[in-house]
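In: no sequence for this one, just the structure:
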Ligand SMILES: Cc1ncc(CN)c(N)n1
């Protein structure tokens, strides 16, 4: 495949897999926040599970930073990832504050099977042999699903409950959107130069993240652990 065909790979993937892409970004959990039909117990379940996930996501993001230091041909990749790591530190503090507010005891959270699967997937991506373009694709997809989901709860016509606006702004705000666009630029640049096999692996990883995000939102319903 030549350079021209590979440019703007992300836009092409999103277009090709639009139905799969909207699975997590317009998931019933998100739609129920936007239309105010959400049951707050679902929000509390999500809060507890996501706190666990974010703690596992930090070492994954750090592993991407390590790969950037060894493999990237652009110094600014590292700065983008570092800014992401800094916001993850804020994110963990935010989860603790929200958990206290909503009376969710974080030390008692039973990790849901889907959350465990997702965390195992992150671990598999941390292996040194996994290509930089593949891990970066995962990082971009994971952050972007949240950005696209929560920003939908801030758009015109929303009935988002005021109690949940802080959560929606955390990932739906313009600053986080800018961060996701920086990640996307890096992914497109890396994929443009990637060998066909790595490009295929990156696409499979993108689709896998979409599936895992759906299953993650599903945990907010409760149901089998
Ligand atoms: C499951 C999940 N995916 C993405 C994000 C955004 N960091 C998150 N907090 N949790």
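Out: Cool, the structure landed. Given the structure is predicted, the values throughout are model-derived calculations rather than measurements.
In: from here on, contacts and neighbour counts on C-alpha atoms
Out: OK.
In: now residue 59, what's its secondary structure?
Out: Under DSSP: H, G, I helix; E, B strand; the rest coil, residue 59 falls in the helix class.
In: How many residues are close by it?
Out: Residues lying near residue 59 (other C-alpha atoms under 10 Å) number 15.
In: Could you list the residues of the chain in contact with the ligand?
Out: 50, 54, 142, 143, 146, 213, 216 (C-alpha under 6 Å from any ligand atom).
In: pLDDT value on the residue nearest to the spatial centre of the chain, please?
Out: To find the centre residue of the chain, average its C-alpha atoms and take the closest one (C-alpha atoms, centre = their mean): that gives residue 142, at 2.1 Å. On the pLDDT scale, residue 142 is placed at 98.
In: element containing it?
Out: Assigned by DSSP states H and E, residue 142 falls within helix 132-152.
In: Not counting the helix or strand following that helix itself, show me its contacts.
Out: Remark: after helix 132-152, the chain's next helix or strand is helix 165-172, criterion DSSP H and E. Residues outside helix 165-172 that contact it (C-alpha atoms under 8 Å, 6 or more residues apart in numbering): 146, 147, 148, 149, 150, 151, 152, 153, 154, 176, 177.
In: In contact with the last one, which residues?
Out: Under the criterion of C-alpha under 8 Å, 6+ apart, the neighbours of residue 177 are 144, 147, 171.
In: so who does the first one touch?
Out: Listed by C-alpha under 8 Å, 6+ apart, the contact partners of residue 144 are 177, 180.
In: ok, 10 Å please
Out: 25, 138, 150, 171, 172, 176, 177, 179, 180, 181, 183, 184 (C-alpha atoms under 10 Å, 6 or more residues apart in numbering).
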